[in-house]
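coordinates only, sequence not included:
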Ligand code: F6P
């Protein structure tokens, strides 16, 4: 009898997830005679032993579907809400893995999922992961699936905002997803011709942004588009945040540490409305009417692009091959256009950020794009 493999999707849903499930499933069934069970709603399904059998019929017709047929959640095996409080459910998960006689578990997700999968690998489960996130910020892979679709959606939004910004001679600030890394705002900003691009990796100076907008106005361009990543912060904010973090790290007394952490949480809440505060300030500084568009979850919805379907298919089928060779504890990655297996310990705890000297940044700077620095 062939191997029995469990599969789940975890973290934020991403276009291309179904293409990956289909690719893995079809290759596993037809090339390696494996049996596949799909756990529902991420690691919760494995904890509750809630699964469906995946066969050729259920894997058909899902290539172009957005979301994930398995459902997803951001639940962590070691901190799961059960009976009203957070509990470590790793033992139960391990028990269900053994109960179903699984030979391996495929986990599809972003950085959080890589961490959770690694946790299970350390407990002796055979795990293989696939990198899916619109943020494109998983270490050791040149691309994650979902990114290309989200980039196209954000680019189209910027295209559409151009005509309305120009007609009304306004500044439009468009917020694009990406808390820790600015790949999406940067790529869509360049592809959509944004005049200002703000990403978490380059803290901005509001004065510099306003100067660049006024300079455009002098040149007869009385509208501007600003593409801002949701995690972009000003230099001032960064300074306050870093100082607070240093204090937390240095604090030895439990109660003052808790107080400082509360302060940090308050700052995080403030950070969530950064884009709106920036827009208000730019209106004051430039005298130009300013509007905000927050793209939010639109970027994760709908049909995956052809590039994402292709990448998810390459990764999904390679995953079946790695499992057939019992190569476990790895993530399937794209490196220099080849699909490779990377040990999970090289990935976990790292976020792939945009380097300052990245080609995309250099190109945009040559065009005169302002990064607020
Ligand atoms: O990790 C993907 C992502 O879409 C981020 O870009 C965004 O910050 C976050 O998820 C939003 O999470 P949620 O869907 O839980 O609101």
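Here it is on my side, so go on. This is a predicted model, so every value here is computed, not measured.

biggest helix in the protein by residues?
Longest helix of the chain, by residue count under DSSP state H: helix 147-168.

So what's the residue count around residue 287?
For residue 287, the tally of surrounding residues (other CB atoms under 10 Å) stands at 10. All C-beta spots, glycine's among them, are computed from the backbone N, C-alpha and C.

try the one 10 residues further on
Close neighbours of residue 297, defined as other CB under 10 Å, add up to 11.

Residue 1 now?
There are 7 residues near residue 1, going by other CB under 10 Å.

Same check on the one 10 residues further on?
Per other CB under 10 Å, the neighbour tally for residue 11 reads 22.

okay, the closest residue in space to it that isn't next to it in sequence: pLDDT?
Setting aside the residues directly before and after it, residue 11 is nearest to residue 109 in space (CB to CB, 6 or more residues apart in numbering), at 4.0 Å. pLDDT, residue 109: 98.

wait, residue 237 sits on residue 273?
No. Contact criterion CB atoms under 8 Å: residue 237 and residue 273 do not qualify, at 11.7 Å.

So for these two, which sits in the more crowded spot?
Counted by other CB under 10 Å, residue 237 and residue 273 do not tie: residue 237 has more neighbours, with 17 against 9.

Can you tell me how far the more buried one is from residue 251?
Applying CB to CB, to the nearest Å, the value for residue 237 to residue 251 is 21 Å.

And for residue 192?
44 Å.

number of nearby residues for the closest residue to the ligand within the chain?
Relative to the ligand, the nearest point of the chain is residue 177 (3.3 Å; CB to the nearest ligand atom). Per other CB under 10 Å, the neighbour tally for residue 177 reads 23.

Residue 274 too?
Residue 274 has 18 neighbours, counted by other CB under 10 Å.

list the contacts for it?
When contacts are counted by CB atoms under 8 Å, 6 or more residues apart in numbering, residue 274 touches 228, 232-234, 237.

Same question for residue 193.
158, 162, 225.

backbone phi and psi for the nearest residue to the first one once chain neighbours are set aside, please?
Spelled out, that is residue 158. With CB to CB, 6+ apart as the criterion, residue 158 has its nearest non-adjacent residue at 2.8 Å, and that residue is residue 192. Main-chain dihedrals, residue 192, degrees, to the nearest 10: phi -90, psi 0.

mind checking how far residue 192 is from residue 225?
7 Å.

where do the contact lists of the two overlap?
158, 162.

In this structure residue 267 contacts residue 245, no?
No. Look at residue 267 against residue 245 with CB under 8 Å: they stay out of range, at 9.8 Å.

Got phi/psi on residue 5?
phi -120, psi 130.

who touches it in this structure?
Residue 5 makes contacts with 28, 34-37, 102-106, 323, as judged by CB under 8 Å, 6+ apart.

mind redoing it with 7 Å?
Contacts for residue 5 were tallied using CB atoms under 7 Å, 6 or more residues apart in numbering; they are 28, 34, 36, 102-104, 106, 323.

likewise residue 210?
Per CB under 7 Å, 6+ apart, neighbours of residue 210: 282, 285-286.

Secondary structure added to those, as a markdown table?
Converted to a markdown table, the contacts of residue 210 look like this (DSSP: H, G, I helix; E, B strand; the rest coil):
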| residue | secondary structure |
| --- | --- |
| 282 | helix |
| 285 | helix |
| 286 | helix |
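
Filter the residues you listed down to the buried ones.
282, 285-286 (16 or more other CB atoms under 10 Å).
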